[in-house]
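Q: quick one: sequence plus predicted model below, questions after.
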Protein chains: 2
Amino acid sequence: MGPPRAINALVFDAYGTLFELHSLSALCEQLFPGQGAALSQLWRAKQVEYAWLLTLTGRYEDFWYVTGSALDFACRMLRLPCEPAMRTRLLEAYLHRKPYPEVVPALKALSRYTPAILSNGSPRMLQEVVANAGLQGMLSHVMSVDEAKVYKPSPYAYQLAPQKMGLNKSAIGFVSGNSWDVLGARACGFWTCWVNRDDSPGEVLGLSPDLIVRSLTELADSVG
Amino acid sequence: MGPPRAINALVFDAYGTLFELHSLSALCEQLFPGQGAALSQLWRAKQVEYAWLLTLTGRYEDFWYVTGSALDFACRMLRLPCEPAMRTRLLEAYLHRKPYPEVVPALKALSRYTPAILSNGSPRMLQEVVANAGLQGMLSHVMSVDEAKVYKPSPYAYQLAPQKMGLNKSAIGFVSGNSWDVLGARACGFWTCWVNRDDSPGEVLGLSPDLIVRSLTELADSVG
């Protein structure tokens, strides 16, 4: 069971969907022995929270600022002395997130769906992470919510995809490893696929993904 | 340094400000030995997340539904078999949250500020928790965001306070133990006080509380 026939474009989330997050914990561990996992988890949780808080309160700062602020908070919370050089190194690592191992073959197999990205990342962050991973040629659009000045899961963020791609909403499917992101796209009326890599329980909030897969390989296989 | 002269009403958040949350972990522990702290923490985090996700995606369900859904998710995540009778017992415990020990004397000392509540809780949840704690006579208004159908920290939630109290924004101060709640009220332009009971680091998102205290006693003392 792949996407329905009406879908002819797939829009992917970036962090946690195409690009893995948890190798950051190795760098965090190197800089702060014994605290790597705690720091990388709190940093990521706070990054998402700050993006949401800005949108909820009607404010906007770009995702580079959000990512840096979240790191600063996480270090203070864990009482880790994060010197400027360390901070720079941790932030720059965000530009070098590796794709999950199946991403390249899966994007190739899905090429007829003109794969694109819509991410909370800032334009510069996305350009660099895509270039560093060598994915440029495989993506039709790399879209940042920065243009809408609101973060996913606001509907105003998802609406950028049909606008920028010149497609009807019903022709676009959203693919994300973040269950809240799937929920947001689904609430907007898009077809959605949740990449549930960790076998997590689904959100209990009244909307379900149209398709749940364990990896992008499974999505590629589902469309033959 | 108390509130400025222009402030003549103080609006308090409920859960985590007047009513403590963590005694829930004792009941969680009783029902699921060894998992009490994990369950109560995840339940609370998910409750806040679900309220935000609904508002971010333009949806609304009341806080009783949100609280129940968050409990269901937390139990699935921790693989705890929560039978219907246990679920009811845990949810009902929300109606019997105890006030922090200093709340009654502090509200008495602050009575000239006509203390009120503005909470994400549903009207029924708030009525019951206030009645069970014997605080009715000490509060001029018990306001639920349910009337606006959005959750704090949306500005539309905070605006209920001046509307319902018939006061100018500049006459109202917001007091909360939740730093994100203080941030939301502050972004709306209200005077704010953060009750930082755990000595947590402040949020790194560009707005600071006007006053930070360790307990409501300290707020009461600050106004003499």
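A: On my side now, so go ahead.
Q: close to chain B: what parts of chain A are there?
A: A:49-50, A:52-59, A:61, A:69-70, A:72-73, A:76-77, A:153-155, A:180, A:183-184, A:187-188, A:200-201, A:203-206 (C-beta under 8 Å from any C-beta of the partner chain). Heads up, the C-betas are built off the backbone N, CA and C, glycines and all.
Q: give me the buried subset of those.
A: Using 16 or more other C-beta atoms under 10 Å in any protein chain shown as the burial test, those include A:49-50, A:52-57, A:61, A:69-70, A:72-73, A:153-155, A:180, A:183-184, A:187-188, A:203-205 as buried.
Q: A:Arg87: what's it in contact with?
A: Residues in contact with A:Arg87 (C-beta atoms under 8 Å, 6 or more residues apart in numbering or on different chains) are A:Gly68, A:Leu71, A:Asp72.
Q: my guess is the first one contacts A:Leu91, does it?
A: Right, the one you point to is A:Gly68. Yes - taking contacts as C-beta atoms under 8 Å, A:Gly68 lies within contact range of A:Leu91: 5.8 Å.
Q: looking at these two, which one has more neighbours?
A: In this comparison of A:Gly68 against A:Leu91, neighbours counted by other C-beta atoms under 10 Å in any protein chain shown, the higher total goes to A:Gly68 at 19 against 14.
Q: and that one, what pLDDT?
A: At A:Gly68 the predicted local confidence, pLDDT, stands at 98.
Q: any idea how far the spatially closest residue to A:Ser23 that is not a sequence neighbour lies from A:Cys28?
A: Taking C-beta to C-beta, 6 or more residues apart in numbering or on different chains as the measure, A:Ser23 lies nearest to A:Lys98, with 6.3 Å between them; neighbours along the chain are not counted. As judged by C-beta to C-beta, to the nearest Å, A:Lys98 and A:Cys28 stand 16 Å apart.
Q: more neighbours: those two, which one.
A: Looking at A:Lys98 and A:Cys28 with other C-beta under 10 Å, you find the greater number of neighbours at A:Cys28, namely 27 against 14.
Q: what about that one, distance to A:Arg44?
A: 11 Å.
Q: do the same with A:Leu107
A: Between A:Leu107 and A:Arg44 the distance, using C-beta to C-beta, works out to 24 Å.
Q: C-alpha coordinates for the lengthiest helix in chain A, CSV please?
A: Among the elements of chain A assigned as helix by DSSP state H, the one spanning the most residues is helix A:36-56. Only the C-alpha atoms of helix A:36-56 are listed here, as CSV (Å, rounded to 0.1, in the frame of the first residue of the first chain):
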residue,chain,number,x,y,z
GLY,A,36,26.6,13.2,25.6
ALA,A,37,23.2,11.5,25.5
ALA,A,38,21.6,13.8,28.0
LEU,A,39,22.8,16.9,26.2
SER,A,40,21.9,15.8,22.7
GLN,A,41,18.4,14.7,23.8
LEU,A,42,17.7,17.9,25.8
TRP,A,43,19.1,20.1,23.0
ARG,A,44,16.8,18.5,20.4
ALA,A,45,13.7,18.6,22.7
LYS,A,46,14.4,22.3,23.5
GLN,A,47,15.0,23.1,19.8
VAL,A,48,11.5,21.8,18.9
GLU,A,49,10.0,23.5,21.9
TYR,A,50,11.6,26.9,21.1
ALA,A,51,10.4,26.8,17.5
TRP,A,52,6.9,26.0,18.7
LEU,A,53,6.9,28.7,21.4
LEU,A,54,7.9,31.3,18.9
THR,A,55,5.1,30.4,16.6
LEU,A,56,2.6,30.1,19.5
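Q: packing partners of it?
A: With contacts defined as 3 or more C-beta pairs under 8 Å, 6 or more residues apart in numbering or on different chains; DSSP states H and E, the secondary structure elements packing on helix A:36-56 are helix A:24-31, helix A:63-77, helix B:36-56, helix B:179-187.
Q: TSV please, covering those helices and showing distance to B:Leu135.
A: Putting the helices and strands packed on helix A:36-56 into TSV (distance: least, C-beta to C-beta, whole Å) gives the following:
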stretch	distance to B:Leu135
helix A:24-31	44
helix A:63-77	32
helix B:36-56	21
helix B:179-187	19
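Q: closest to B:Pro123 out of these?
A: helix B:36-56 (15.2 Å; C-beta to C-beta).
Q: would you mind giving the secondary structure of A:Glu22?
A: Careful, residue A:22 is His and not Glu. Classification of A:His22 into helix, strand or coil gives coil, according to DSSP: H, G, I helix; E, B strand; the rest coil.
Q: ok, it - how many residues close by?
A: Other residues lying near A:His22 total 13 when counted by other C-beta under 10 Å.
Q: just to check, it is in contact with A:Ser40?
A: Yes - using C-beta under 8 Å, A:His22 is in contact with A:Ser40, at 6.7 Å.
Q: OK, contacts around the closest residue to A:Ala187 other than its chain neighbours?
A: With sequence-adjacent residues excluded and distances taken as C-beta to C-beta, 6+ apart, A:Ala187 is closest to B:Thr57, at 4.0 Å. With C-beta under 8 Å, 6+ apart as the criterion, the residues that contact B:Thr57 are A:Pro153, A:Ser154, A:Pro155, A:Leu183, A:Gly184, A:Ala187, A:Cys188.
Q: and B:Thr57, how far is that from B:Pro153?
A: As it turns out, when the distance is counted by C-beta to C-beta, B:Thr57 lies 15 Å from B:Pro153.
Q: thanks a lot, catch you later.
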